[in-house]
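In: I would like the atomic coordinates for the input below:
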Amino acid sequence: NLENKIFFTKKIEINNKLIGVASLNSAWFTKGGGDIDYGKLFVAQHQVERAYDEIIDCDIKIATFHHPLDWLSPKERPYIQNALINNFDIFLCGHMHSNNVSSLATNLGNLFTSNTGCLYQTREYFNGYSIIEITEESIKTIAREYYDQRSTFDKSIRFYIRHTKQKCGQKSTLYKKPIW
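Out: A predicted model of the protein is given here:
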């Protein structure tokens with residue numbers, strides 16, 4: 001839907017499951033980036049709900065923003081968070097140039113969130129990406145990062161789970177609710 005300049009949606013069929021992706025614009029209200037924008041951005045609940053309406057028939061619904069939720073205005077953040085929890089299974093965002101995965105469980109429902117790095121900013125930043133595996137039982141993530149000395153992407157050892165018996169770089173299950 002390229003007529004709408006603020007968001008777009010796409011439906012993809014994978015393994016007989018219809019996946020809906022809503023790419024929502026969290027950057028349309030920026031004023032220059034950095035600390036100037038933190039806590040001052042707006043997405044608009046109407047944007048989230050209109051995007052959801054376009055993928056309502058999908059088995060799995062994924063919302064994407066550039067910015068994480070904490071960059072939104074405190075006045076709008078709870079409304080957007082509730083709209084995401086009520087309408088989407090997965091929320092993907094970036095901007096922070098780090099890797100963080102969480103599952104938000106509220107009285108309204110659950111939301112799996114993945115905030116990942118960038119493929120390349122500078123050598124001082126985390127340069128990497130996450131692979132997300134979705135099954136009927138769980139959502140799993142695998143962090144990968146660029147190793148300059150080897151000129152390659154590989155398992156990210158700095159993001160492995162330390163409190164389990166898993167070996168470094170193994171998959172971690174962070175979300176155990178069937179999503180279809």
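In: please make it C-alpha for all contacts and neighbour counts, starting now.
Out: Noted.
In: for residue 13, give its distance to residue 7.
Out: 20 Å (CA to CA, to the nearest Å).
In: same question, residue 38
Out: Distance, residue 38 to residue 7, by CA to CA: 21 Å.
In: who's more crowded, the two?
Out: Using other CA atoms under 10 Å as the criterion, residue 38 and residue 7 rank with residue 7 on top: 19 against 14.
In: got the confidence number for the nearest residue to that one once chain neighbours are set aside?
Out: Leaving aside its sequence neighbours, residue 7 sits nearest to residue 24 (CA to CA, 6 or more residues apart in numbering; 4.6 Å). What the model reports as pLDDT for residue 24 is 91.
In: quick one: contacts for residue 24?
Out: 6-8, 43, 47-48, 51, 63-65 (CA atoms under 8 Å, 6 or more residues apart in numbering).
In: quick one: the strands in the chain?
Out: 7-14, 17-24, 60-64, 90-93, 100-106, 109-115, 128-134, 139-147, 152-155, 172-175 (DSSP state E).
In: for the closest residue to residue 131 other than its chain neighbours, grab the count of nearby residues.
Out: Nearest residue to residue 131, sequence neighbours excluded (CA to CA, 6+ apart): residue 142, at 5.0 Å. Counted with other CA under 10 Å, residues neighbouring residue 142 total 18.
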